[in-house]
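Asker: turn this into a model:
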Amino acid sequence: RRNYASHHHISAALTLADPILDQLRAHPDVIRCSTAGSLRRHKEIIRDIDFLVSSKTPESIIDFFTSQPGIISISAKGDTKASVILEGGIQGDLRVVSDREYPFAQAYFTGSKEHNIVMRQRAIARGLRLNEYGLFKSEEETRDPKLRVACNTEEDIFAALDLAYIPPELREDKGEFEAGEANAIPRLIEWTNLKGSLHNHSNWSDGAETLEEIATHMSELGCEYWAITDHSRSSFQANGLDEARLRKQITEVAEVNKKLEAEGDSFRLLTGTEVDILKERLDFDDDLLCQLDVVVASLHVAGSNEADNTKRLIAATENPNVHMLGHLTGRLLLRRDAYPINQEAVIDACAETGTWLELNANPYRFDLDWRMWQQATAKGIKCVINTDAHRNEHAGFLRLGTGIARKGWLTAKDVINTLPLAKLRKELEKKRGKK
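Answerer: This next block holds a predicted model:
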């Protein structure tokens, strides 16, 4: 744990950053403001929170920032910079610049370091110099405002370097320059594209709310559907359902849906299970699984043998009733390493069988990792951004998961739960049609 003292989940950082950013936006002396650094790039783990502001009166902004609620202590306070410690021990850094410098500072402090190196090299190759103060018509390092190329936004900087705009999430030097040169940056998924989640828990297993409470909440949020995929019997520590309880739940979901229909509400709960992948089989038989709308298969108790774990996951993909694999590697960020698994072999099996892969949007998981998604989608595998909700407020994980999906270059077409309910039902039937 000590090794992780300066590392924080993005969810904790956003909870602290969003209200401060709102306050800065509302300040009369602030012209423009944003976060920067790893938070703006939506990295799953961040070290500190970077804020950037443009203003003509930096001193008033520094004073305002350092007096925000939630600040435990002030580490440094200068004319244009300040560092504070926020709740949970996260460091917050503010930099105030002129509005002319703002787009250059925003690009520079967003990073990543690797991305910035390539940007600077592109500038040099065009007889320019790029730094946090500007893009300059110069063969050597300078800050001379007379030499600055006029750029009002980051888009202008990318255009000056013969690139399409590269969204912050993609700035990791992992293919964005080739795509930017070819004007082939995809239109990335937005969290508002999502219509619901297909891996969620209720108070029938280890969730907090009843089926009715979940339906009411998710309908009010504007979702079209929400799958109830409580744990199966082997997850006894999570109050997993046996066959009789699952059959009873199927009936109760139907009753909730009937009530919704009578009220003229088009929202629907979907029946399902998060079925445990056991050593030799799944935790439920096929005659029960085939009656469910949605089947998520997850490995909860993995062995130390990579080949054995991989074999179990591949066997699950070969079952026509399994729609997707849940939290593939079992990692818990800053707590538990991934299980030993040959992810490439499992991805190949998913491609072959038409099995989807989950992007588990719980901020402790974000599993499958964003670095693996280009490989998966190149093989035609669909992603499902799931909350793995255990409480109604976990619906907010859809937004976090979308940020990770964007880092993985995913578009709305790559993600199954952007589909409206009627089209989703057709896709859910497709794999079973391959029997």
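Asker: how close does R41 sit to K279?
Answerer: 40 Å (CB to CB, to the nearest Å). No exception for glycine: its C-beta is placed from N, CA and C like everyone else's.
Asker: apologies, that question was intended for N386.
Answerer: Distance from N386 to K279, by CB to CB: 25 Å.
Asker: which one of those two is surrounded by more residues?
Answerer: N386 (31 against 10; other CB atoms under 10 Å).
Asker: what residues are up against E114?
Answerer: Residues near E114 by CB atoms under 8 Å, 6 or more residues apart in numbering: E172, D173.
Asker: can you confirm it is in a strand?
Answerer: No - counting by DSSP: H, G, I helix; E, B strand; the rest coil, E114 is located in no strand; its state is helix.
Asker: make 538 the first number, not 1, from now on.
Answerer: Got it, first residue is 538 now, which makes that one E651.
Asker: and E964, what is it in contact with?
Answerer: I953, L956 are the contacts of E964 under CB under 8 Å, 6+ apart.
Asker: so L965, which of the three states?
Answerer: helix.
Asker: what's the per-residue pLDDT of it here?
Answerer: We note a pLDDT of 97 for L965 in this prediction.
Asker: next, count neighbours for it.
Answerer: For L965, using other CB under 10 Å, the count is 21.
Asker: these two touch, right, it and V832?
Answerer: No - L965 is beyond contact range of V832, at 9.1 Å (criterion: CB atoms under 8 Å).
Asker: which neighbours do those two share?
Answerer: H860.
Asker: quick one, what contacts the closest residue in space to A875 that isn't next to it in sequence?
Answerer: Excluding its sequence neighbours, the residue lying closest to A875 (CB to CB, 6 or more residues apart in numbering) is T866, at 3.6 Å. T866 sits next to A875, Y876, I878, Q880, D904, L905, D906 when contact means CB under 8 Å, 6+ apart.
Asker: recalculate using a threshold of 10 Å.
Answerer: 836, 839, 846, 873-878, 880, 883, 897, 902, 904-906, 909 (CB atoms under 10 Å, 6 or more residues apart in numbering).
Asker: I953 and G626, how far apart?
Answerer: Taken as CB to CB, the span from I953 to G626 is 38 Å.
Asker: neighbour count winner among these two?
Answerer: The residue with more neighbours, out of I953 and G626, is I953; 23 against 11, by other CB under 10 Å.
Asker: thought the more buried one was touching W893?
Answerer: Yes - applying CB atoms under 10 Å, one finds I953 in contact with W893, separated by 5.8 Å.
Asker: joint contacts of these two?
Answerer: L735, H860, M861, K919, C920, V921, E964, L965.
Asker: ok, which pair from those residues is furthest apart?
Answerer: C920 and L965 (15.1 Å; CB to CB).
Asker: any stretches of the protein with poor pLDDT?
Answerer: By pLDDT under 70, the weakly predicted segments of the chain are 538-542, 971-972.
Asker: can you list the domains in it?
Answerer: The chain breaks down by automatic domain parsing into domains covering 538-636, 640-722, 728-969.
Asker: tell me which of these is the most buried.
Answerer: domain 728-969 (a mean of 19; mean count of other CB atoms under 10 Å).
Asker: what about that domain, distance to the chain center?
Answerer: Domain 728-969 has its C-alpha centroid displaced from the chain centroid by 15 Å (CA atoms, centre = their mean, to the nearest Å).
Asker: show me what the helix or strand hosting A942 is packed up against.
Answerer: For A942, the enclosing helix or strand under DSSP states H and E is helix 934-944. Under the contact criterion of 3 or more CB pairs under 10 Å, 6 or more residues apart in numbering; DSSP states H and E, helix 934-944 touches helix 547-563, strand 733-734, strand 893-897, helix 910-915, strand 920-923.
Asker: now it against helix 547-563, angle please.
Answerer: For helix 934-944 against helix 547-563, the angle by axes from the mean of the first three to the mean of the last three CA atoms, to 10 degrees is 90 degrees.
Asker: using PDB, list the CA coordinates for helix 934-944.
Answerer: In PDB, the C-alpha atoms belonging to helix 934-944 read as follows (Å, rounded to 0.1, in the frame of the first residue of the first chain):
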ATOM      1  CA  PHE A 934     -19.500   4.700 -13.600                       C
ATOM      2  CA  LEU A 935     -20.800   4.800 -17.200                       C
ATOM      3  CA  ARG A 936     -19.200   8.200 -17.600                       C
ATOM      4  CA  LEU A 937     -15.900   7.000 -16.200                       C
ATOM      5  CA  GLY A 938     -15.900   3.900 -18.300                       C
ATOM      6  CA  THR A 939     -16.500   6.000 -21.400                       C
ATOM      7  CA  GLY A 940     -13.300   8.000 -20.700                       C
ATOM      8  CA  ILE A 941     -11.400   4.700 -20.600                       C
ATOM      9  CA  ALA A 942     -13.100   3.500 -23.800                       C
ATOM     10  CA  ARG A 943     -12.100   6.700 -25.500                       C
ATOM     11  CA  LYS A 944      -8.500   6.000 -24.500                       C
END
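Asker: name the single longest strand found in the chain.
Answerer: The single longest strand within the chain, with elements called by DSSP state E, is strand 805-813.
Asker: got the contact list for the helix or strand that that strand is followed by?
Answerer: Downstream of strand 805-813, the first helix or strand assigned by DSSP H and E is helix 823-826. Residues from elsewhere that reach helix 823-826 (CB under 10 Å, 6+ apart): 769, 780, 783-784, 787, 809-810, 812, 819-820, 832, 834, 856-860, 969, 972.
Asker: can we see that at 6 Å?
Answerer: E780, V832, N858 (CB atoms under 6 Å, 6 or more residues apart in numbering).
Asker: in three-state terms, label the nearest residue to A696 once chain neighbours are set aside for me.
Answerer: Distances taken as CB to CB, 6+ apart place Y702 nearest to A696, at 7.8 Å, with adjacent residues excluded. Here Y702 is recorded as coil under three-state DSSP.
Asker: quick one: Y702 from S771, how far?
Answerer: 48 Å.
Asker: and for L905?
Answerer: From L905 to S771 the distance is 23 Å (CB to CB).
Asker: cool, S803 as well?
Answerer: 35 Å.
Asker: can you check G671 too?
Answerer: In terms of CB to CB, G671 sits 61 Å off from S771.
Asker: ditto for E811
Answerer: 11 Å.
Asker: could you find the closest non-adjacent residue to S575?
Answerer: Closest to S575 by CB to CB, 6+ apart is I583, at 4.5 Å.
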